[in-house]
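[1] sequence and predicted model, in that order:
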Amino acid sequence: MDLGLQNKVAIVTGASKGIGRAIAQTLAHEGMRLVVVARSRAQLDELASSMGDACLVQAADLTNADAPAAVVAATMARFGRLDLLVNNAGSTKRGDFLTLSEADWAEGFGLKFYAAVRLSRAAWPHLQASSGGIINIIGIGGRTGSAEFAIGGAVNAALMNLTKVLADRGVKDGVRVNAINPGGIATDRLQTRLKTFAAEHHLNPTDAEQQMAEAFGVARFGQPEEIARLVAFLASPQAAFCQGAIVDADGGQTRTL
């Protein structure tokens, strides 16, 4: 299916690995021109090497308050338009609420939440001009509280509300804003958790993955490409009536409304 994304321009943050990398590759395959953003220039350069002039590398620390606007300015200078912003950057520290420090909380909100706020604000007039959109990659931890995921749950819940806020504004301005909540996805971060789970339960890697998936209440873990294909669909005219949608892509892990 032709998704109608040819020659449009997207910014993808957290693009150096995992879900963000898969999103960038999938959108490039659909013919989009990409601005890939992360802290690691080496990983971004390797990703961009297969995309040629259709990809602009922006090695930036998005916790720097000036960085988001600089990324958007570089995008406009290179491509002259912006059609899609994918806010994917950011991870949060796990741990008991009583042991997490003020710095842990500030870091968690600084990259994942405030970077999304600043990028969305800087990108908005250009997205309005192109009738473009924003897709926030959030996470199911914002739907169900967990004692070991206090920061991540709070950040994710805030981003879901931000999605609804921007979607409400977007109705008037012609900007579509939606979000995806991934569940357990086979990234480096999940592999680290699997290794810990295997060690704690004295399991081999295959059995650890199976038992951890069962503990999550799912048949298997997802692949980054499955999230990426959902991004491409939500970015396309095929999803034109989706506004403020928050899609749980978690294999059925979230059972609450």
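    That came in fine, so what should we check first? These figures come from a predicted structure and were not determined experimentally.

[2] okay, CA-based contacts and neighbour counts for the rest of this
    Fine.

[3] ok, which stretches of the chain are strands?
    9-13, 33-38, 55-59, 84-87, 133-137, 176-182, 246-249 (DSSP state E).

[4] skipping adjacent residues, who's closest to A219 in space?
    Spatial nearest neighbour of A219, excluding adjacent residues (C-alpha to C-alpha, 6 or more residues apart in numbering): A213 at 6.4 Å.

[5] most distant residue from the middle of this structure?
    Going by C-alpha atoms, centre = their mean, the residue of the chain most distant from its centre is H202, 32.8 Å out.

[6] hang on, the earlier thing: need the strands of the chain in a markdown table with mean neighbour count, can you?
    Putting the strands of the chain into a markdown table (neighbours: other C-alpha atoms under 10 Å) gives the following:
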| stretch | mean neighbour count |
| --- | --- |
| strand 9-13 | 27 |
| strand 33-38 | 27 |
| strand 55-59 | 22 |
| strand 84-87 | 27 |
| strand 133-137 | 26 |
| strand 176-182 | 25 |
| strand 246-249 | 19 |
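
[7] right, and the ones you listed - which one's nearest E148?
    Comparing those against E148 with C-alpha to C-alpha, the closest turns out to be strand 176-182 (17.8 Å).

[8] about what we covered before: quick check: which of the strands of the chain is nearest to E226?
    Among these, strand 246-249 sits nearest to E226 (C-alpha to C-alpha), with 8.5 Å.

[9] in its sheet, what does the closest one sit against?
    Strand 246-249 sits in its sheet next to strand 176-182 (parallel), going by DSSP bridges.

[10] report the mean per-residue pLDDT for the strand it pairs with.
    Throughout strand 176-182, pLDDT has a mean value of 98.

[11] ok, now stretch 56-66?
    For stretch 56-66, the per-residue pLDDT averages 97.

[12] what's in contact with that stretch?
    Stretch 56-66 has contacts (C-alpha atoms under 8 Å, 6 or more residues apart in numbering) with 34-41, 44-45, 48, 67-68, 71, 75, 78, 110-111, 114-115, 118.

[13] need the contact list for R33.
    7-10, 27, 54-55.

[14] among those, which one sits closest to I134?
    Closest to I134, out of all of the contacts of R33 and judged by C-alpha to C-alpha, is A10, at 9.5 Å.

[15] the nearest residue to the closest one once chain neighbours are set aside and A215, how far apart?
    Leaving aside its sequence neighbours, A10 sits nearest to L84 (C-alpha to C-alpha, 6+ apart; 4.5 Å). Using C-alpha to C-alpha, to the nearest Å, L84 is found at 36 Å from A215.
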